[in-house]
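*Asks:* okay, structure incoming, though there's no sequence with it:
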């Protein structure tokens, strides 16, 4: 693609490219040098601050339990949001206007609200109206917030997945005498779920990133939260930030690659109808397709 | 029923939402500029710039925004001494939050613009090159103007997501909507009412943006 925008470089272009490379490299080097020097001045590069990460204590006491909580909240949120999302997604395709409209209103509402607001509200709601213990409450609140938002995103994914199937599937199902419900549950939904798999895995990245909000704002003991405990103990702000960021990057990179692999595999497979919802699609849906479904476009999380 | 709202004056309800609007506005402009530069780097003929753009986008997209925002305060300000030209904590944290939001959102703006560049037919760039335009001329006069028109929709999505993401600034104490909501909901009895007020506030902020930009993207779309 990039080659369309410029010709194969001739001698002058080559010289210019080298010049730009050198300038850009110098700028980057300057930035890195400044960062390195500041860190050195502040003593953040001392081995004592990095050493904990080579020993088991920092991992078993802080980072791994934090990561476990992050994964637990993400997994719970996905497992609960998926059936809920399927329900709303199907409701939005209903033949009955009032079902369609009310499901649509609920979905658009929860997509328009920041996930943090939902978490704060859930946290307070659990504190006042239920007897969930103080220790469990942050997890409950984080999962509730994530479920409400992601169920509405997944509803759109399910809807898009079903709409992406060839029309012949529905027609064939009606032709052999299946009812609407049967068509949905035994013909459309199984194929749609397969087509949606890459999109669902991509959505996990969004969920994992959003768990960090709960750690800071309502004291859920996930990775970012345990980082601050760790940094307070070892007094290593920068090293701990770098390690935690790397953990997030690796985790999300694995998820993204897995989604990409699934997508490629599904596109190759001969047995499917060829309908696949890929990563690009989930970006669109997360970002609510302005002027799309209800014309509100008030969704979106990145 | 609504009496308690007037008890809060730092910030007031309107002031908190005004802060959300300000965060969105400045971060929106910043990430549009930085994101466009990143996109230009990613399609440029200089390998080092391409590599930097790709690395930046892939790294930043996979880090939670919360980590970035907290880092601007605990890392950039406290350790690196980046105070954004202000010793007053309120101003400093406000600017740091914008910096964090720009750094994060730009990665998504970059990807949106890059996908827009891909929608411009090959013939356009080829014709530009045939006329002897250089890479930056091709990009500035031929490709980007067309690309921008086709990505108003995706960019609007990013803007709406950004509006919602400004709530993360509450994590470093910027007095915007989520910050005030946390304070109110913990101290007042009307949990449901407070939730509804703030939810309504965000619907009011995001709905018109979505409708207007959705209309604009249809109007400006390049007919092909």
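*Replies:* Here it is on my side, so go on. All of these numbers come straight from a predicted model, not from anything done at the bench. Numbers count the residues shown, from 1 in each chain, chains lettered A, B, ... in the order given.
*Asks:* drop to CA atoms for contacts and neighbour counts, all remaining ones
*Replies:* Fine.
*Asks:* list the residues that contact residue A:109.
*Replies:* residue B:203 (CA atoms under 8 Å, 6 or more residues apart in numbering or on different chains).
*Asks:* buried residues in the host helix or strand of it?
*Replies:* Using DSSP states H and E, residue A:109 maps to helix A:97-112. Neighbour counts using 16 or more other CA atoms under 10 Å in any protein chain shown place A:99, A:100, A:101, A:103, A:104, A:107, A:108, A:109, A:110, A:111, A:112 of helix A:97-112 among the buried residues.
*Asks:* report the contact partners of the fourth one.
*Replies:* What it means is residue A:103. Residues in contact with residue A:103 (CA under 8 Å, 6+ apart) are A:88, A:91, A:92.
*Asks:* which of the residues you listed are buried, as a PyMOL select command?
*Replies:* Provided next is the PyMOL selection string for whichever of these are buried by 16+ other CA under 10 Å:
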select buried, chain A and resi 88+91+92
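*Asks:* just the element for the residue nearest the centre of chain A, please.
*Replies:* The centre of chain A sits closest to residue A:206, judged by CA atoms, centre = their mean, with a distance of 1.5 Å. If you go by DSSP H and E, residue A:206 is part of helix A:189-217.
*Asks:* distance check, residue A:98 against chain B.
*Replies:* 22 Å (CA to the nearest CA, to the nearest Å).
*Asks:* which SS class is residue A:93?
*Replies:* coil (DSSP: H, G, I helix; E, B strand; the rest coil).
*Asks:* and it, its phi and psi?
*Replies:* Main-chain torsions, residue A:93, degrees, to the nearest 10: phi -100, psi 10.
*Asks:* that older thread, for the residue nearest to the centre of chain A, give its distance to residue A:200.
*Replies:* 10 Å (CA to CA, to the nearest Å).
*Asks:* what touches both of the two?
*Replies:* In contact with both residue A:206 and residue A:200: no residue, using CA under 8 Å, 6+ apart.
*Asks:* let me have the contacts of residue A:103 in a markdown table, adding distance to chain B as columns.
*Replies:* Formatted as a markdown table, the contacts of residue A:103 follow (distance: CA to the nearest CA, whole Å):
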| residue | distance to chain B |
| --- | --- |
| A:88 | 20 |
| A:91 | 23 |
| A:92 | 20 |
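*Asks:* would you mind giving the buried residues of helix A:97-112 as JSON lines with pLDDT and distance to residue B:73 added?
*Replies:* Compiled in JSON lines, the buried residues of helix A:97-112 are given as follows (pLDDT from 0 to 100; distance: CA to CA, whole Å):
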{"residue": "A:99", "pLDDT": "94", "distance to residue B:73": "47"}
{"residue": "A:100", "pLDDT": "93", "distance to residue B:73": "45"}
{"residue": "A:101", "pLDDT": "94", "distance to residue B:73": "44"}
{"residue": "A:103", "pLDDT": "94", "distance to residue B:73": "41"}
{"residue": "A:104", "pLDDT": "92", "distance to residue B:73": "39"}
{"residue": "A:107", "pLDDT": "92", "distance to residue B:73": "35"}
{"residue": "A:108", "pLDDT": "89", "distance to residue B:73": "34"}
{"residue": "A:109", "pLDDT": "91", "distance to residue B:73": "32"}
{"residue": "A:110", "pLDDT": "92", "distance to residue B:73": "30"}
{"residue": "A:111", "pLDDT": "89", "distance to residue B:73": "29"}
{"residue": "A:112", "pLDDT": "89", "distance to residue B:73": "28"}
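*Asks:* could I get the contacting residues of residue B:167?
*Replies:* Residues near residue B:167 by CA under 8 Å, 6+ apart: A:114, A:116, B:20, B:176, B:177, B:178, B:179.
*Asks:* give me the pLDDT value at it.
*Replies:* We have a pLDDT of 95 for residue B:167.
*Asks:* so what touches stretch A:124-133?
*Replies:* Residues from elsewhere that reach stretch A:124-133, judged by CA under 8 Å, 6+ apart: A:134, A:137, A:141, B:185, B:186, B:191.
*Asks:* what about stretch B:135-150, how long is it end to end?
*Replies:* One end of stretch B:135-150 sits 21 Å from the other (CA to CA).
*Asks:* is chain A within reach of that stretch?
*Replies:* Yes: among the residues of stretch B:135-150, B:135, B:138, B:139 lie within reach of chain A under CA under 8 Å from any CA of the partner chain.
*Asks:* next, the residue lying closest to the last one once chain neighbours are set aside: phi, psi?
*Replies:* In space, not counting the residues next to it along the chain, residue B:139 is nearest to residue A:5; the distance is 7.5 Å by CA to CA, 6 or more residues apart in numbering or on different chains. Backbone torsions for residue A:5, taken as degrees, to the nearest 10, come to phi -80, psi -20.
*Asks:* could you do residue A:9 as well?
*Replies:* According to degrees, to the nearest 10, residue A:9 has phi -60, psi 130.
*Asks:* now residue A:44
*Replies:* The phi/psi pair for residue A:44 (degrees, to the nearest 10) is phi -80, psi -10.
*Asks:* give the contact list for it.
*Replies:* A:236, A:237, A:238, A:239.
*Asks:* for chain B, which residues score under the pLDDT cut-off?
*Replies:* B:224 (pLDDT under 70).
*Asks:* so where do the helices sit in it?
*Replies:* B:13-42, B:47-61, B:65-71, B:89-119, B:122-130, B:135-137, B:144-150, B:152-165, B:177-187, B:191-220 (DSSP state H).
*Asks:* quick one: residue A:171 and chain B, what's the gap?
*Replies:* Distance from residue A:171 to chain B, by CA to the nearest CA: 33 Å.
*Asks:* in what element of secondary structure is that residue found?
*Replies:* Per DSSP H and E: helix A:167-175 holds residue A:171.
*Asks:* mind listing what's buried along that helix?
*Replies:* Neighbour-count burial for helix A:167-175 flags A:170, A:173 (criterion: 16+ other CA under 10 Å).
*Asks:* rewinding a little: which among the contacts of residue B:167 gets closest to residue A:16?
*Replies:* residue B:20 (43.7 Å; CA to CA).
*Asks:* what about that closest one, neighbour count?
*Replies:* 24 (other CA atoms under 10 Å in any protein chain shown).
*Asks:* buried residues in the helix holding residue A:206, which are they?
*Replies:* A:189, A:191-217.
*Asks:* stretch B:67-78 now?
*Replies:* Neighbour count says stretch B:67-78 has B:67, B:68, B:69, B:70, B:71, B:72, B:73, B:74, B:75, B:76, B:77 buried, by 16+ other CA under 10 Å.
*Asks:* sorry, back to before: who wins for neighbours among the contacts of stretch A:124-133?
*Replies:* residue A:141 (25 neighbours).
*Asks:* what strand or helix carries that one?
*Replies:* Judged by DSSP H and E, residue A:141 forms part of helix A:137-164.
*Asks:* anything in that helix near chain B?
*Replies:* No: Helix A:137-164 lies apart from chain B when judged by CA under 8 Å from any CA; the minimum separation is 12.1 Å.
*Asks:* right, and residue B:86 touches residue B:92 too?
*Replies:* Yes: here residue B:86 lies in contact with residue B:92, judged by CA atoms under 8 Å, at a distance of 5.4 Å.
*Asks:* can you give me the distance of the residue in the stretch 51-200 of chain A positioned nearest to chain B to residue A:148?
*Replies:* Residue of the stretch 51-200 of chain A nearest chain B, by CA to the nearest CA: residue A:114 (4.8 Å). Note on residue A:114: its distance to residue A:148, by CA to CA, is 11 Å.
*Asks:* same check, this time on residue A:178
*Replies:* Counting by CA to CA, the gap from residue A:178 to residue A:148 is 33 Å.
*Asks:* more neighbours, the two?
*Replies:* residue A:148 (23 against 16).
*Asks:* my guess is residue B:51 meets residue B:40, correct?
*Replies:* No: judged on CA under 8 Å, residue B:51 makes no contact with residue B:40 at a distance of 12.0 Å.
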